[in-house]
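In: no sequence for this one, just the structure:
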């Protein structure tokens with residue numbers, strides 16, 4: 001039986017870059033390269049009698065795209081996704097910071 005951890009390692013060597021940057025698309029002479037924030041994880045295990053299992057998962061948030069028109073290259077953010085990620089992050093980061101400050105005051 002092959003070692004699952006080694007197989008996953010081989011398969012995921014390029015996974016980060018390929019999942020963060022999409023395939024280039026040409027639309028009416030404009031080149032578009034989508035960009036995403038990605039995360040993935042894998043795990044597995046077994047016991048002494050050979051019973052085992054594994055699994056994995058991940059998510060991706062589209063944050064924008066690189067747009068190339070002629071010699072001009074710029075990044076255009078996806079405002080809706082950035083707000084969907086930023087609002088909960090700022091809320092929980094602010095809440096955690098307020099609790100740390102409150103604990104330090106005691």
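Out: Yep, that arrived. On a predicted model such as this, the values are computed, not experimentally measured, just so you know.
In: give the contact list for residue 23.
Out: residue 33 (CB atoms under 8 Å, 6 or more residues apart in numbering). Quick note: C-beta positions are derived from backbone N, CA and C, even for glycine.
In: one more pass at 10 Å, please.
Out: 32-34 (CB atoms under 10 Å, 6 or more residues apart in numbering).
In: want to throw those into JSON lines with secondary structure?
Out: JSON lines is the format used below for those (DSSP: H, G, I helix; E, B strand; the rest coil):
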{"residue": "32", "secondary structure": "strand"}
{"residue": "33", "secondary structure": "strand"}
{"residue": "34", "secondary structure": "strand"}
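In: quick one: the residue most central in space within the chain and residue 63, what's the gap?
Out: Nearest residue to the geometric centre of the chain (CA atoms, centre = their mean): residue 38, 1.0 Å. Distance of residue 38 to residue 63, given as CB to CB, to the nearest Å: 10 Å.
In: again with residue 23
Out: Look at residue 23 and residue 63: by CB to CB, they are 16 Å apart.
In: and the helix ranked longest in the chain, what does it pack against?
Out: Scanning the chain for the helix with the most residues, using DSSP state H, yields helix 79-105. Contacts defined by 3 or more CB pairs under 10 Å, 6 or more residues apart in numbering; DSSP states H and E place helix 79-105 against strand 30-46, strand 52-69.
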